[in-house]
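>>> Have a look; sequence and predicted model below, questions after that.
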Amino acid sequence: IKNDNANVYFTVGGTSTNKIVIAHALKSYGAAIACDTGHINVHETGAIEATGHKVLTYPNSNGKLTKEGIEFIMNSHPDFHMVKPGIVYISNSTETGTVYTKKELTELSETCKKYNLYFYIDGARLGCALTSKVCDYTISEMAALCDAFYIGGTKNGLILGEALVVINEKLNDEIRYAIKC
């Protein structure tokens, strides 16, 4: 990855990696945004909720979260009486096997910046996404669009482990404490 801000941390598995990043990124009143089929909503056995954070969902579009979904959720949480969305979560490739295009990732990234949200990509199946015919970007180009992502090992034949790549300096601050606990 051609990015001087990127730091790599090795973690045990995907669920713990998602839990570490999301809990570290959010304040106590924060929430994650995902599509309804998103891994953190469907397959994490409540790991995110166990940290005290809510997962806010929007119906998927071919397995993907859209900028319209993010906009809808942001407009539905206008004040301090509700949880405050703080991070957008996607998986690439998705739970349904679809792959985001560079245009889609760029739209999500720009929407996250507009609302001051972290943008996090679950890369359990990133190898599949990057080698698919749909993929029109490099891992470095993808990294430039998000705050953090991980490169999946477990779902790609390793006995254990993921490589968490954190680009955003603010997220890098004290993340080793979050990984340790």
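Cool, got the structure. Numbers count the residues shown, from 1 in each chain.

>>> switch to C-alpha atoms for all contacts and neighbour counts from now on
OK.

>>> Tell me the confidence at the residue nearest the centre of the chain?
Taking Cα atoms, centre = their mean, the centroid of the chain lies closest to Tyr120, which sits 2.6 Å from it. At Tyr120, the model reports a pLDDT of 98.

>>> Doesn't it lie inside a helix?
No - secondary structure assignment (DSSP: H, G, I helix; E, B strand; the rest coil) places Tyr120 in strand, not in a helix.

>>> Tell me what it is bridged to.
Under the criterion DSSP bridges, Tyr120 forms beta bridges with Tyr89, Ala148.

>>> Might you report the residue contacts of it?
The contact partners of Tyr120, by Cα atoms under 8 Å, 6 or more residues apart in numbering, come to 87-90, 146-149.

>>> residues contacting Leu26?
Taking Cα under 8 Å, 6+ apart as the contact definition, Leu26 lies against 53, 86-87.

>>> again but with Phe149, I slipped
The neighbours of Phe149, taking Cα under 8 Å, 6+ apart as the test, are 120-123, 143, 164-166.

>>> which one of those residues is nearest Met82?
The shortest gap between Met82 and any of the contacts of Phe149 belongs to Tyr120, at 22.0 Å (Cα to Cα).

>>> follow-up on the earlier one: I'd like to know which of the contacts of Phe149 is nearest to Gly38.
When the contacts of Phe149 are compared for distance to Gly38 (Cα to Cα), Asp122 wins out at 9.7 Å.
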